[in-house]
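Engineer: Just to be clear, the model below is a prediction. Sequence and coordinates:
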Amino acid sequence: MNFNLILLSIPLYFILIGLELLIDKIYQRQNYRFNDAITNISCGMGEQVTAVFFKLIVVTLYELLYERYALFHIPINWITFIALFISVDFFYYWFHRYSHVINLFWGGHVVHHQSEEYNLSVALRQGWFQKFFSFFFYLPLAFIGFSPVQFLAVSSLVTLYQFWLHTRAIGKLGPFELLFNTPSHHRVHHGINPKYIDKNHAGMLIVWDKMFGTFQEEEEEPTYGITHPINTWDPLEANLNHWKRMYTGIKQMRGTGDKLRYMFNPPGWRPAYIPADEGGFDPLTYKKYDTTVPASMNLYVLFQYAVTLTAATFFLFNTGAMGMADKLVAVCLVIIAIVNYSNLFESKKYGVAIEIGRIFLSVAALLFWYHFTTPMLNGAYLAWIIISCIWLFLMRKPAA
């Protein structure tokens, strides 16, 4: 099914981000940092392009269970729509809650919490592997008899609702907060203050948290992020960091039982013979990770990022006309690009060299896709390559 509400909402996402940026500038709130926002959006971009392969697996399983084992085939009407909406939100609550208290599941979800800012770009920061843990929670809906089309549409709406929750520009909303999740409730969820951790897991209806004992009112302004910061702008490292930590932890475990307990106990669990994990939030010493580069480099990344985002969006809307090899090349190019932007942000000595290589790799990709593109697209692609090469040449460091 090519109809994708999340993709169709991309223009609205960026209109609202632009509006929040404008408010941020007018009131000088400094809720945005360029490198952080780019990394947030890069994680979302990576999640969407890799979903071209990953999502096929989970959707196929849902379809298989529905077609072979569904108890009913539920028709589409306003009553069943409301029932499905409540059901999806209910199962989302339990997935979200367990993704915080099971170490293995946390590896898919932690990416969403890594940003140390709180703004609408954080809503786009999604883990590339999260869907492999979340979709199990929704399988009862296939057995009950909600069709894949119904489920995908409603789950997309629940996801879309959560976008506006990621802002500091909206305060408390009075009686609305008694039933629904709001920015105030969700700010608590992203806080690393001890009393805020593992609270307010709701998607749309905050009543689940109130019913099951995980609700916390927003009191003081939360401090955002995770208790073990990754300290990088690299979206690939953001998605792999927890798995690398888990691999190290599993090697330290003495037996199969402890290895399994380590995987399925809450993050940070250790048997008595292993010292407690270092780290933890200290409000007195906490300092956000940051790096600085010349304004010309930020401008270059902004230009390249706009091109990458446009190309990735074009790719996502045209996957149906592309073969597997075309898709693989496109996804690799997107990931190489967004990873290397982090190298440029962090002033890594090989960042410019990789960027040059990426530009020339794009020339090869142009030849590879020549059968798929149009003369106008090819001309725009060549213009981008020429502009990029000239820009990099002009930004080169003078010889010492």
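Structural biologist: Nice, I can see it.

Engineer: tell me the mean pLDDT over the helix or strand encompassing Ile390?
Structural biologist: Using DSSP states H and E, Ile390 sits within helix 375-395. Helix 375-395 carries an average pLDDT of 84.

Engineer: So for stretch 305-322, could I get the coordinates as PDB, restricted to C-alpha?
Structural biologist: Written as PDB, here are the backbone C-alpha positions of stretch 305-322 (Å, rounded to 0.1, in the frame of the first residue of the first chain):
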ATOM      1  CA  TYR A 305      20.700  18.700   3.800                       C
ATOM      2  CA  ALA A 306      17.900  20.400   1.800                       C
ATOM      3  CA  VAL A 307      19.000  18.400  -1.300                       C
ATOM      4  CA  THR A 308      19.200  15.200   0.700                       C
ATOM      5  CA  LEU A 309      15.800  15.700   2.200                       C
ATOM      6  CA  THR A 310      14.300  16.500  -1.200                       C
ATOM      7  CA  ALA A 311      15.900  13.400  -2.700                       C
ATOM      8  CA  ALA A 312      14.900  11.100   0.100                       C
ATOM      9  CA  THR A 313      11.300  12.400  -0.100                       C
ATOM     10  CA  PHE A 314      11.300  11.800  -3.900                       C
ATOM     11  CA  PHE A 315      12.600   8.300  -3.300                       C
ATOM     12  CA  LEU A 316      10.000   7.500  -0.700                       C
ATOM     13  CA  PHE A 317       7.200   8.500  -3.000                       C
ATOM     14  CA  ASN A 318       8.600   6.500  -5.900                       C
ATOM     15  CA  THR A 319       9.700   3.200  -4.300                       C
ATOM     16  CA  GLY A 320       6.900   1.400  -6.200                       C
ATOM     17  CA  ALA A 321       8.600   2.100  -9.500                       C
ATOM     18  CA  MET A 322      12.100   1.100  -8.300                       C
END
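
Engineer: Show me what counts as buried in it.
Structural biologist: For stretch 305-322, burial by neighbour count (16 or more other C-beta atoms under 10 Å) applies to Tyr305, Val307, Thr308, Leu309, Ala311, Ala312, Thr313, Phe315, Leu316, Thr319, Met322. (C-beta placed from N, C-alpha, C; glycine too.)

Engineer: residues contacting the first one?
Structural biologist: Translated: Tyr305. Ile38, Ile41, Tyr341 (C-beta atoms under 8 Å, 6 or more residues apart in numbering).

Engineer: One more: the fourth one?
Structural biologist: Contacts here follow C-beta under 8 Å, 6+ apart; on that basis Leu309 touches Ile41, Met45.

Engineer: Distance-wise, check it relative to Ile192.
Structural biologist: 30 Å (C-beta to C-beta, to the nearest Å).

Engineer: Helix or strand: which one has the residue nearest the centre of the chain?
Structural biologist: Closest residue to the average C-alpha location of the chain: Gln126 at 1.2 Å, with C-alpha atoms, centre = their mean. Of the helices and strands defined by DSSP H and E, none includes Gln126.

Engineer: And the spatially closest residue to it that is not a sequence neighbour, how close does it get to Tyr341?
Structural biologist: Nearest non-adjacent residue to Gln126, counting by C-beta to C-beta, 6 or more residues apart in numbering: Glu47, 4.2 Å away. Counting by C-beta to C-beta, the separation of Glu47 from Tyr341 is 16 Å.

Engineer: now do Leu328
Structural biologist: 21 Å.

Engineer: Between those two, which has more neighbouring residues?
Structural biologist: Neighbours per residue (other C-beta atoms under 10 Å) separate Leu328 from Tyr341, with Tyr341 holding more: 26 against 13.

Engineer: So that one versus Pro235, what's the distance?
Structural biologist: 9 Å.

Engineer: what do these two both touch?
Structural biologist: Ser42.

Engineer: contact partners of the strand or helix carrying Ile23?
Structural biologist: Assigned by DSSP H and E, Ile23 belongs to helix 10-26. The contact list for helix 10-26 (C-beta under 8 Å, 6+ apart) reads 29-32, 37, 119-121, 123-124, 163-164, 167, 169, 313.

Engineer: State the next helix or strand along the chain beyond that helix.
Structural biologist: helix 34-69.

Engineer: For that following helix, buried residues please.
Structural biologist: Quick answer for helix 34-69 (16+ other C-beta under 10 Å): 35-52, 54-55, 58-59, 62, 65-66.

Engineer: got the angle between that helix and helix 10-26?
Structural biologist: 150 degrees (axes from the mean of the first three to the mean of the last three C-alpha atoms, to 10 degrees).

Engineer: Show me what secondary structure element comes after helix 34-69.
Structural biologist: helix 78-101.

Engineer: domain assignment for this protein?
Structural biologist: 5-212, 295-395 (automatic domain parsing).

Engineer: tell me how far the ends of the first one are from each other?
Structural biologist: So that's domain 5-212. 30 Å (C-alpha to C-alpha, to the nearest Å).

Engineer: circling back to that earlier point, would you mind checking the contacts of helix 10-26 for buried ones?
Structural biologist: Asn31, Tyr32, Ala37, Asn119, Leu120, Ser121, Ala123, Leu124, Phe163, Trp164, Thr167, Thr313.

Engineer: show me the residues around the nearest residue to the fourth one once chain neighbours are set aside that make contact.
Structural biologist: Spelled out, it's Asn119. In this structure, Asn119 finds its nearest non-sequential neighbour in Asn31, 4.8 Å apart by C-beta to C-beta, 6+ apart. With contact set as C-beta under 8 Å, 6+ apart, Asn31 has these partners: Glu20, Asp24, Glu117, Tyr118, Asn119, Arg168, Ala169.

Engineer: Among these, list the two that are farthest apart in space.
Structural biologist: Maximum pairwise distance in the contacts of Asn31, criterion C-beta to C-beta, is 12.8 Å, between Glu117 and Ala169.

Engineer: buried stuff in stretch 183-194?
Structural biologist: Counting neighbours by 16+ other C-beta under 10 Å, stretch 183-194 gives Pro183, Ser184, His185, His186, Arg187, Val188, His189, His190, Gly191, Ile192, Asn193 as buried.
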